[in-house]
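In: just coords:
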C-alpha cells in the first residue's frame, strides 16, 4: 500500500466530513445551540474537541486563518455553548445530513466504523493536536455519527501533518493559499472571503513568494512547483501513519466511495472550496 492511498482516502473522507461546514441543517443547529453567526459556529464546532481554549490555541492549530478572524469567535463562543454540547451536536447533525443525502450510509457505517476506529486508536498523536483532541471524543453510539467522527479525526490527522510540512518549508498560512491558487487556478476570493485575509495580506504574501523565487509572472516557478509537490507528497506519507493500521484498507476505501460520491455530487459541499477538496 503506497502513499497514494492516503490521497484517495482524503478525497473520499473529506466530503463526508465537510457537510458539517456547508449543510444548511448543520449551520442552523450551531445557531440553535447559541453560537452567533456562521463563523462562530465554524470555529466553535471545529475547535470544541480541544475544550474551552483561548484564541491563541485555535490560531496555532487552524494555522491558515487570519488571527483577527479567530479572535472574533474565540473565546466568546464558549459563553454561548459548552464545548461538550457542541461536540455532541455536530456529530448528530452531520449524521442526519448524511442519512438524508446518502441513505446507503447506514450499511456502510456498520462495515467501516470498526476498521476506522482501529486505525485512529493505533495512530500516533505526536505533533497532531486536532487529531489528538478528536481521538479523545467518545465514539458515538449511532453508527453514522461514529463514521462522521472517525472521518473528522482522520482528516484532522492529515491536516496536522500538512501544517507541519508547510512550516518545514517556511510557508505561512496566507502564503499557502497564494501557492495553492497559483497552482490550481482557483480564484483568490475563495480564500479572501473565507480565511480573513485582505487584499493587502494577499499581495504581501505574493511578494514574499516572488522574492523567494517560488512565483513568477507566469505563476508557479519550477522551484514553487517542486515545493508544492514536496509538501503534498510528505503530507500523504505522514497520513499513511494512520492508514497502515487499517485492517482492510482497500475494503474500507471501496465501501466508502459510493456514499462519498453521492455526497460530493449532491451540492451539499461546493466545489471549488477553501479546503482544496476535489469532486470525486
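Out: On my side now, so go ahead. Computed from a predicted structure; not experimentally measured.
In: The helix or strand hosting residue 90: how far from the chain's middle?
Out: Secondary structure here is read from DSSP states H and E; on that basis residue 90 sits in helix 83-101. Once both centres are worked out by Cα atoms, centre = their mean, to the nearest Å, helix 83-101 turns out to sit 16 Å from its chain's centre.
In: what helices or strands is it leaning on?
Out: Other elements packing on helix 83-101 under the criterion 3 or more Cβ pairs under 8 Å, 6 or more residues apart in numbering; DSSP states H and E are helix 4-22, helix 24-33, helix 37-47, helix 105-122, helix 143-168, helix 249-264. C-beta: built from backbone N, CA, C; applies to glycine.
In: helix, strand or coil for residue 247?
Out: Assigned with DSSP: H, G, I helix; E, B strand; the rest coil, residue 247 falls in the coil class.
In: ok, back up a step: what's the closest of the helices and strands packed on helix 83-101 to residue 229?
Out: Across the helices and strands packed on helix 83-101, residue 229 has its closest neighbour in helix 143-168 (11.3 Å, Cβ to Cβ).
In: mind listing what's buried in that closest one?
Out: For helix 143-168, the neighbour count (16 or more other Cβ atoms under 10 Å) marks 143-166 as buried.
In: That one versus helix 249-264: what angle between them?
Out: Between the direction of helix 143-168 and that of helix 249-264, the angle (axes from the mean of the first three to the mean of the last three Cα atoms, to 10 degrees) works out to 100 degrees.
In: switch to numbering from 55
Out: Okay, using 55 as the starting number, the last item reads as helix 197-222.
In: Helix 197-222 packs against which elements?
Out: Using 3+ Cβ pairs under 8 Å, 6+ apart: helix 197-222 touches helix 58-76, helix 137-155, helix 159-176, helix 183-189, helix 276-297.
In: Tell me which residues are up against whichever helix or strand comes after that helix.
Out: Counting by DSSP H and E, the element after helix 197-222 in chain order, helix or strand, is helix 227-238. The contact list for helix 227-238, computed with Cβ atoms under 8 Å, 6 or more residues apart in numbering, reads 117-120, 220, 225, 240-242, 244-245, 249, 251, 255-256, 258-260, 262-263, 268-269, 273-274, 278-279, 281-282, 326, 330.
In: swap in stretch 130-147?
Out: The set of residues that contact stretch 130-147 without belonging to it, under Cβ under 8 Å, 6+ apart, is 74, 77, 79-80, 83-84, 87-90, 94, 97-99, 101-106, 191, 194, 196, 199-200, 202-203.
In: Try it again at 6 Å.
Out: Among residues not part of stretch 130-147, those counted as contacts by Cβ atoms under 6 Å, 6 or more residues apart in numbering are 74, 79-80, 83, 87-89, 94, 98-99, 102-103, 105-106, 191, 194, 199, 202-203.
In: now do stretch 83-97
Out: For stretch 83-97, the external contacting residues (Cβ under 6 Å, 6+ apart) are 98-99, 127-128, 131, 134-135, 143, 147.
In: Let me see the contact set for residue 269.
Out: Counted by Cβ under 6 Å, 6+ apart, residue 269 has contacts 236, 263, 278.
In: just residue 312 next, same as before
Out: Residues touching residue 312, when contacts are defined by Cβ under 6 Å, 6+ apart, are absent altogether.
In: re earlier: save the helices and strands packed on helix 137-155 as TSV, and put in distance to residue 183 and mean pLDDT too.
Out: Compiled in TSV, those are given as follows (distance: least, Cβ to Cβ, whole Å; pLDDT from 0 to 100):
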stretch	distance to residue 183	mean pLDDT
helix 58-76	17	97
helix 78-87	22	96
helix 91-101	10	97
helix 159-176	15	98
helix 197-222	7	98
helix 303-318	25	97
